[in-house]
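**Student:** how would this look folded up:
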Amino acid sequence: MDLPVVDLAPYLEIAAKPDPTPKEREELGSLCAVLSASLRDTGALIVKDPRCTAQDNDRFLDMMERYFERSDEFKRLQQRPQLHYQVGATPEGVEVPRSLVDSEIQEKIKKMPKTDQPSTPTGPDPKWRYMWRVGPRPTNTGFKELNAEPVIPEGFPEWKETMDFWGSKMISAIEVVAEMAAVGFGLQKDAFTSLMNQGPHLLAPTGSDLNKHGKVGTVFAGFHYDLNFLTIHGRSRFPGLNIWIRSGQKMEVKVPLGCLLIQAGKQLEWLTGGECLAGMHEVVVTDRTLEAIQRAKQENRSLWRVSSTLFGHIASDAILKPLGHFTGTPLAGNYPPIYAGDYVEQELSVINLKGKNGFS
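**Tutor:** Residues are numbered from 1 along each chain as shown. Predicted structure coming up:
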């Protein structure tokens, strides 16, 4: 089974028209239905956005490879544990996979068929991450730490422009997906995007050293869901991402060249009253990863696996609660109203990015 690929070009073209024809409206409706169904049934989909090119992704990956190749001592200069690592660098060994600390998820794993069970991490994730805020932040907010100023490493004069350029393109793609999902779910077109305005969106590339951690079975990101609204990734140069669809089946993700992967986060699950579940996933070294490592060695390329990940968030001061007809879903009672910022801080505590261990 492969994830559907949704080309956003027709939507962008038709949505820009002041008065689309009935046939065009029907085409839009069909596209939105495919997109929302994929988010509901698999927690993910692949999109092709003409505004986000493979060359744009490569430029970003090239810079991040150079950054992650710098010494650990250099990278630690950019860490901000007092801000929950929500800006700057997060060293390897800090993020704790949800599956290690969540008894509910552990029980869920035990009930899975062996073939669909995730790999078992032995401790915190052996990956670095860099958090870069994208887009405007609110002037008045009850969640200052989640809306902190960015950190720029020395020796990278192109850093801000490259991060902002790729980050803004990814946000633009997420906003279109959010519009289409709202339409597909039978909500107002701006039901999600209005809540995303001035959200603490984060461009959050990971860096995993395949020279150091290049053995089959090494878990770079243990089985987990994302706490945000929608996550978007450009294509990585090294495979290894597995996702679990709603049925519980495990799938290896293959992102075509020039495409982007979208995953449903916990905030989307909240807003749909459990109709659309946050997608579970992991990143593991596989045989296909080893093949990519060999090709990279032959071509004298970097052996850092970089993910061009962006977390699209609901605004910190907005209320998370089931929207529209989703208030009537059977599970709606499991999603009581909560400030998005409070929800994020609760989740960060669990995965060790906030609290006493996160400040060591």
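
**Student:** only C-alpha atoms for contact and neighbour calcs from this point on.
**Tutor:** Will do.

**Student:** would you list the phi and psi of the closest residue to residue 180 other than its chain neighbours?
**Tutor:** Using CA to CA, 6 or more residues apart in numbering and skipping residues adjacent in sequence, the residue nearest residue 180 is residue 32, 4.9 Å away. Dihedral pair for residue 32: phi -60, psi -30, per degrees, to the nearest 10.

**Student:** what of residue 232?
**Tutor:** Torsion angles, degrees, to the nearest 10, at residue 232: phi -130, psi 140.

**Student:** ok, now residue 266?
**Tutor:** Dihedral angles for residue 266 - degrees, to the nearest 10 - are phi -70, psi -30.

**Student:** that one: neighbour count?
**Tutor:** Residue 266: 21 surrounding residues under other CA atoms under 10 Å.

**Student:** and the gap between it and residue 347?
**Tutor:** 10 Å (CA to CA, to the nearest Å).

**Student:** now list whatever residues contact both of these two.
**Tutor:** residue 227 (CA atoms under 8 Å, 6 or more residues apart in numbering).

**Student:** what are the contacting residues of the lowest-mean-pLDDT helix or strand in the chain?
**Tutor:** Lowest mean confidence among the helices and strands of the chain (mean pLDDT, DSSP states H and E): helix 98-101, at a mean of 81. Applying CA under 8 Å, 6+ apart, the contact partners of helix 98-101 are 105-106, 121, 123, 222-225, 350-351.

**Student:** picking that back up, the residue nearest to residue 180: neighbour count?
**Tutor:** With neighbours defined by other CA under 10 Å, the count for residue 32 comes to 25.

**Student:** so who does it touch?
**Tutor:** Counted by CA under 8 Å, 6+ apart, residue 32 has contacts 180-181, 183-184.

**Student:** what is the biggest helix by length in the chain packed up against?
**Tutor:** The helix that spans the most residues within the chain, counting by DSSP state H, is helix 159-184. Where contact means 3 or more CA pairs under 8 Å, 6 or more residues apart in numbering; DSSP states H and E, helix 159-184 is packed against helix 22-42, helix 54-68, helix 193-196, strand 230-234, strand 309-312.

**Student:** and those as a markdown table, adding distance to residue 3 and mean pLDDT?
**Tutor:** Output for the helices and strands packed on helix 159-184, formatted as a markdown table (distance: least, CA to CA, whole Å; pLDDT from 0 to 100):
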| stretch | distance to residue 3 | mean pLDDT |
| --- | --- | --- |
| helix 22-42 | 8 | 95 |
| helix 54-68 | 19 | 97 |
| helix 193-196 | 24 | 98 |
| strand 230-234 | 14 | 96 |
| strand 309-312 | 18 | 96 |
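
**Student:** how about these in a markdown table, adding distance to residue 5?
**Tutor:** Below are the helices and strands packed on helix 159-184 laid out as a markdown table (distance: least, CA to CA, whole Å):
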| stretch | distance to residue 5 |
| --- | --- |
| helix 22-42 | 9 |
| helix 54-68 | 16 |
| helix 193-196 | 22 |
| strand 230-234 | 14 |
| strand 309-312 | 18 |
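
**Student:** tell me where the chain has helices.
**Tutor:** Secondary structure of the chain, counting by DSSP H: helices at 9-15, 22-42, 54-68, 72-76, 98-101, 103-110, 159-184, 193-196, 266-271, 287-298, 340-350.

**Student:** looking at the ones you listed, which is nearest to residue 216?
**Tutor:** Closest to residue 216 of the helices of the chain is helix 287-298 (CA to CA; 6.5 Å).

**Student:** now tell me what touches that closest one from outside.
**Tutor:** 210, 214-216, 237-240, 302-303.

**Student:** buried ones in it?
**Tutor:** Buried residues in helix 287-298, counted by 16 or more other CA atoms under 10 Å: 289-290, 292-293, 296.

**Student:** rewinding a little: of the helices and strands packed on helix 159-184, give the one that comes closest to residue 156.
**Tutor:** Among the helices and strands packed on helix 159-184, helix 54-68 comes nearest to residue 156, with 8.3 Å by CA to CA.

**Student:** just the angle between the closest one and strand 230-234, please?
**Tutor:** Counting by axes from the mean of the first three to the mean of the last three CA atoms, to 10 degrees, helix 54-68 points 90 degrees away from the direction of strand 230-234.

**Student:** list the buried ones in helix 54-68?
**Tutor:** So helix 54-68, judged by 16+ other CA under 10 Å, has buried residues 56-58, 60-61, 64-65, 67-68.

**Student:** residues in contact with residue 28?
**Tutor:** 10-11, 14.

**Student:** can you pick the most crowded of those?
**Tutor:** Within these, residue 11 tops the neighbour count with 20 neighbours, counted by other CA under 10 Å.

**Student:** what's the per-residue pLDDT of that one here?
**Tutor:** Looking at residue 11, its pLDDT stands at 95.

**Student:** list the contacts for it?
**Tutor:** Contacts of residue 11 (CA under 8 Å, 6+ apart): 28, 31.

**Student:** if we go to 7 Å?
**Tutor:** With CA atoms under 7 Å, 6 or more residues apart in numbering as the criterion, the residues that contact residue 11 are residue 28.

**Student:** can you tell me the closest non-neighbouring residue to residue 182?
**Tutor:** Using CA to CA, 6+ apart, the nearest residue to residue 182 is residue 189, at 5.5 Å.

**Student:** returning to what we had before: can I get the buried residues of helix 54-68 in JSON lines including distance to residue 22?
**Tutor:** Below are those laid out as JSON lines (distance: CA to CA, whole Å):
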{"residue": "56", "distance to residue 22": "35"}
{"residue": "57", "distance to residue 22": "36"}
{"residue": "58", "distance to residue 22": "39"}
{"residue": "60", "distance to residue 22": "40"}
{"residue": "61", "distance to residue 22": "42"}
{"residue": "64", "distance to residue 22": "46"}
{"residue": "65", "distance to residue 22": "48"}
{"residue": "67", "distance to residue 22": "50"}
{"residue": "68", "distance to residue 22": "51"}
